[in-house]
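[1] Could you look at this predicted model? Sequence included:
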Amino acid sequence: MWILGPHEFISKCEQRTASSETSYPLVQPSDDKELRPILNVHVSKTSVNLQSALGSHHFERFSEWSRLVQSIAFLHRYVRNRKRISTEEKKPNSVELYQEAELFVIRLVQNEVYETEISNMEQNLCLSKNSNIIALNPYLDSRGVLCVGGRLNKSNLEIHEKNPTIIPGKHYIAKLLIRHYHETVCHQGLHFTEGALRKAGFLITGAKRLIQSFIHRCVTCRKLRGTLEIQKMADLPSDRLEPGPPFCNVGIDAFGPWHVVTRKTRGGSAQSKRWAILFSCLTTRAVHIEVVEEMSSSAFINALRRFVAIRGKVKIFRSDRGTNFVGSTDHLKIDTVNVENGPLRDFLYKFGTVWIFNPPHSSHGGSVGEDYWNFSAYIRLYAFNSRWEKSNSRRSCDIHGRGFCNYKQ
């Protein structure tokens with residue numbers, strides 16, 4: 001048995017093997033074109049968050065609820081057209097698109113604000129005691145919208161009235177909804193606006209405070225409910241402040257007519273019209289009333305003559321530029337006293353009297369006779385209750401009224 005073998009035989013075999021082997025040069029694997037190169041591939045996964053892609057913060061660019069919903073409906077219609085829906089499928093009309101867009105906006109807002117509550121409801125867990133809407137007994141309906149619970153489920157009301165949709169009051173769409181339904185009820189108050197929101201199926205948390213704040217800032221409501229501004233009255237004219245005898249500076253006004261019984265006839269009583277000229281002292285507020293039978297220059301001059309004969313000479317007459325004293329009303333064919341015609345102008349010039357017309361809406365000028373006109377009218381209604389008065393009764397009534405007005409001073 002050979003353990004190592006014969007030395008000579010082994011050395012001859014080794015020499016024969018070494019002579020038969022050929023040497024080949026080594027090649028780098030990266031330089032070998034027959035081999036497939038090893039490439040490093042980087043794989044990245046992109047996750048799209050729908051809330052960040054179309055978040056509710058974009059809704060702040062809209063100032064009206066209807067425009068926001070119409071814009072979302074337009075996007076839905078555009079997506080449907082891009083997907084090339086088959087003609088056999090029923091295409092939704094504009095009303096359905098509007099309702100889908102409205103539902104999309106509400107769900108997006110609720111998922112952002114009430115994310116924890118919705119997650120707990122989907123997992124059949126109880127709401128946290130710190131939740132702001134736990135008192136509303138909320139639940140998720142078949143559309144995935146957070147609605148109010150309550151005990152009206154067996155009533156005959158509409159589903160959106162029994163279980164209104166919860167809208168967070170701190171979100172921007174709450175302001176849009178309040179503006180929309182406030183304009184729908186024609187800028188009515190708090191209760192009308194809140195009732196319109198509840199009728200439409202929305203319950204905004206803290207709605208009363210938000211509606212009151214919105215109405216307070218509403219420009220249209222401030223115009224409709226604002227208090228009237230009062231213009232500051234100008235200084236009194238000098239003729240109302242200078243001391244002097246009574247009826248030196250006089251404010252004048254005419255009122256009427258009244259029907260009086262003038263004479264008896266076979267067919268009954270004949271009625272005529274009577275007017276009254278009210279003279280009021282601009283300094284002492286004393287009153288004098290003269291009755292005229294017609295509104296003409298001659299009758300008015302006679303009333304002035306009687307007044308001057310009783311009260312004395314007058315320096316200034318003040319009156320408003322009404323139709324009773326303006327000569328430009330001739331074409332209207334109404335009973336007027338033309339202060340600017342010849343006879344009356346000559347009469348005033350003869351007595352050295354100046355007639356001044358007050359500017360329109362200037363109560364500081366000399367319109368002190370209107371209060372006394374109302375006072376004398378009350379006295380006439382109290383003293384004479386009959387519809388048709390006699391001429392002497394009319395004159396007596398005016399004298400009584402003049403006495404009461406002067407006694408009032």
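    Here it is on my side, so go on.

[2] Residue 318 falls within a helix, correct?
    No - under DSSP: H, G, I helix; E, B strand; the rest coil, residue 318 falls outside any helix and is assigned strand.

[3] got a list of what it touches?
    Residues in contact with residue 318, defined by CB atoms under 8 Å, 6 or more residues apart in numbering, are 239, 249-252, 282, 356-358, 365-366. (C-beta placed from N, C-alpha, C; glycine too.)

[4] Can you select the buried ones among these for me in ChimeraX?
    Of those, the buried ones go into a single ChimeraX selection, burial set by 16 or more other CB atoms under 10 Å:
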select :239,249,250,251,252,282,357,358,365,366
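
[5] Reformat the contacts of residue 318 as TSV; add distance to residue 315 and pLDDT.
    Putting these into TSV (distance: CB to CB, whole Å; pLDDT from 0 to 100) gives the following:
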residue	distance to residue 315	pLDDT
239	8	82
249	6	89
250	9	89
251	13	86
252	13	85
282	10	86
356	11	81
357	16	80
358	16	79
365	16	62
366	13	57
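
[6] Let me have the contacts of residue 318 in CSV, extended by distance to residue 273 and secondary structure.
    Formatted as CSV, these follow (distance: CB to CB, whole Å; DSSP: H, G, I helix; E, B strand; the rest coil):
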residue, distance to residue 273, secondary structure
239, 33, helix
249, 30, strand
250, 25, strand
251, 24, strand
252, 20, strand
282, 29, coil
356, 28, strand
357, 25, strand
358, 27, strand
365, 29, coil
366, 27, coil
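
[7] got the contact list for the residue lying closest to residue 140 once chain neighbours are set aside?
    Leaving out its chain neighbours, the residue that sits closest to residue 140 by CB to CB, 6 or more residues apart in numbering is residue 121, at 5.1 Å. Neighbouring residues of residue 121 by CB under 8 Å, 6+ apart: 127, 138-140.

[8] I'd like the list of those that fall within helices, please.
    Using DSSP state H, the subset of those located in helices is empty.

[9] Give me the lowest-pLDDT entry from these.
    pLDDT across the contacts of residue 121 is at its lowest for residue 127, which sits at 88.

[10] Confirm for me that it is in contact with residue 120.
    Yes - the pair formed by residue 127 and residue 120 meets the contact definition of CB atoms under 8 Å, at 5.7 Å.

[11] What segments of the stretch 1-150 of the chain are helices?
    Ranges of helices in the stretch 1-150 of the chain, per DSSP state H, counting those that start in this stretch, are 7-20, 50-53, 65-83, 94-113, 115-122.

[12] how about the CA coordinates for the longest one, as CSV?
    In other words, helix 94-113. Only the C-alpha atoms of helix 94-113 are listed here, as CSV (Å, rounded to 0.1, in the frame of the first residue of the first chain):
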residue,chain,number,x,y,z
SER,A,94,-77.1,70.7,-13.2
VAL,A,95,-79.2,70.2,-10.0
GLU,A,96,-77.5,66.9,-9.2
LEU,A,97,-74.1,68.4,-9.9
TYR,A,98,-74.8,71.3,-7.6
GLN,A,99,-75.9,69.0,-4.8
GLU,A,100,-72.9,66.8,-5.2
ALA,A,101,-70.6,69.8,-5.1
GLU,A,102,-72.3,71.1,-2.0
LEU,A,103,-72.0,67.7,-0.3
PHE,A,104,-68.3,67.5,-1.3
VAL,A,105,-67.6,70.9,0.3
ILE,A,106,-69.3,70.0,3.5
ARG,A,107,-67.6,66.6,3.8
LEU,A,108,-64.2,68.2,3.1
VAL,A,109,-64.7,70.8,5.8
GLN,A,110,-66.0,68.2,8.3
ASN,A,111,-63.0,65.9,7.7
GLU,A,112,-60.6,68.7,8.4
VAL,A,113,-62.3,70.1,11.5
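
[13] Give the other helices and strands that it contacts.
    Packing partners of helix 94-113 (3 or more CB pairs under 8 Å, 6 or more residues apart in numbering; DSSP states H and E): helix 50-53, helix 65-83, strand 165-167, helix 172-184.

[14] now with 7 Å?
    helix 65-83 (3 or more CB pairs under 7 Å, 6 or more residues apart in numbering; DSSP states H and E).

[15] Quick check: buried residues in the helix it packs on?
    Buried residues in helix 65-83, counted by 16+ other CB under 10 Å: 65, 68-73, 76-77.

[16] quick one: low-confidence parts of this structure?
    Counting by pLDDT under 70, the chain has low-confidence residues at 1-24, 27, 29, 35, 37-39, 44-54, 84-92, 265-269, 322-341, 363-409.

[17] what helix or strand does the spatially most central residue of it sit in?
    Nearest to the mean C-alpha position of the chain, by CA atoms, centre = their mean, lies residue 220 at 2.3 Å. Under the criterion of DSSP states H and E, residue 220 resides in helix 219-225.
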